[in-house]
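A structural model of the following input is requested.
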Amino acid sequence: MHIATLIAAERLSAGELSEALDRLAAAGIPVGPVDSFDPDRACDIQLPGGPAGVRTALDGAIAGIDVVVQLADGRAKRLLVADMDSTMITVECIDELADYAGLKAEVAAVTERAMRGELDFAEALKARVALLADMPVETLDRCRRERVRLMPGARTLVGTMRAAGGRAVLVSGGFTAFADPVAAEIGFDRAVANRLQVADGRLTGEVDQPIVDAATKTSVLQQEAAAMALAREQVMAVGDGANDVPMLQAAGLGIAYHAKPVAEAGAAAAIRYGDLTALLHAQGIRRDRWIDVTH
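All right, here's what the predicted structure looks like:
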């Protein structure tokens, strides 16, 4: 049985649920019982006819309401693999680093194009890192302290999944100087990211090879799932950019989070309104079962 889960960023009203049901009826999609498993915040609509057309009918149709369509069986995941920049944290670290060199606008424009899939990720990364040459290594820590903030819901998402026996891995096309402390602060089991080269206390403008790119992210997901003897259906991935798409598609449930259009198009579901706790509602986990961690 497939289900469509409606997830409210704030409150799911009876009127919004009624509108969703009306939209499904207008599209000729049969529905079964509704389970308001977390009243006023999330509910499941059974789809006896399958998922065809449901995302088209509902996705983005009701302001403030996200929709995840999936099989009901196996919705609780054992492994979470997550992107970092603009997913688990609110910024793109390389853009913020560039700001300390007076180059944020130039670097951010390249980042945006890379995340939209308009540029080769590895080449774009090397070009941006080259602009940081001669930056004091202390600037990395300063940038992290002053600019990096966790995405709302990040610690609750990871803490709840790990408390239930799951594993969480952060895999980033960004840098270990940010990913390692961010992973520790949120509670991830492992972090994978690029390492900036340093000489005489300054960045050289180069990054260690091989670069953590889309293929690396997918490989990490597959290796972690194999190590845990998990089926694809037991894995969730979340990200926001073009370099996350293969990883999202390799997971049983790949979620584009406040993402670029290319990531939304390539993912099984998109979260546009809610914070990262929407990924707990997508798994059918009520708020009274969340690990209450301050954002």
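
What score does Val293 have for pLDDT?
According to the prediction, Val293 has pLDDT 68.

Quick check: can you list the domain ranges of the protein?
Using automatic domain parsing, the domain parsing of the chain gives 1-73, 75-295.

Same list (the ones you listed) but as a markdown table, adding mean neighbour count.
In short, each C-beta sits where N, CA and C put it, glycine included. Below are these laid out as a markdown table (neighbours: other C-beta atoms under 10 Å):
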| stretch | mean neighbour count |
| --- | --- |
| domain 1-73 | 17 |
| domain 75-295 | 20 |
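
Tell me how far the residue lying farthest from the centre of the chain lies from Val129.
Residue farthest from the centre of the chain, counting by C-alpha atoms, centre = their mean, is Asp200 at 35.8 Å. Distance, Asp200 to Val129, by C-beta to C-beta, to the nearest Å: 17 Å.

average model confidence for the strand or helix carrying Glu224?
Glu224 belongs to helix 214-227 when assigned by DSSP states H and E. Per-residue pLDDT over helix 214-227 has a mean of 98.

just stretch 66-84 next, same as before
For stretch 66-84, mean pLDDT rounds to 97.

quick one: Ile291 and Gly166 touch, right?
No: counting by C-beta atoms under 8 Å, Ile291 stays clear of Gly166, with 11.5 Å between them.

mind listing the helices for the stretch 151-295 of the chain?
Along the stretch 151-295 of the chain, counting by DSSP state H, counting those that start in this stretch, helices occupy 154-163, 176-186, 214-227, 245-250, 261-266, 278-282.

out of those, nearest to Gln46?
For Gln46, the closest of the helices of the stretch 151-295 of the chain is helix 278-282, at 15.7 Å, according to C-beta to C-beta.

got the contact list for the closest one?
5, 7, 9, 38, 41-42, 66, 68, 70, 75, 80, 153, 156-157, 160-161, 236, 238, 253, 255, 269, 271, 274, 290 (C-beta atoms under 8 Å, 6 or more residues apart in numbering).

Looking at these, which are in strands?
Residues of the contacts of helix 278-282 located in strands (DSSP state E): 5, 7, 38, 42, 66, 68, 70, 80, 236, 238, 253, 255, 269, 271.

need the contact list for the fourth one.
This means Ala42. Thr5, Leu6, Ile7, Ala8, Leu12, Ser36, His281.

try the first one
Taking C-beta under 8 Å, 6+ apart as the contact definition, Thr5 lies against Ala42, Cys43, Asp44, Ile45, Val67, Val68, Val69, Gln70, His281, Ala282, Gly284.

cool, the last one as well?
Taking C-beta under 8 Å, 6+ apart as the criterion, Ile271 is in contact with Ile7, Asp66, Val68, Ile255, Ala256, Tyr257, His258, Ala278, Leu279.

list the contacts for the third one?
With contacts defined as C-beta under 8 Å, 6+ apart, the neighbours of Val68 are Ala4, Thr5, Ile7, Leu253, Ile255, Ala268, Ala269, Ile271, Ala278, Ala282.
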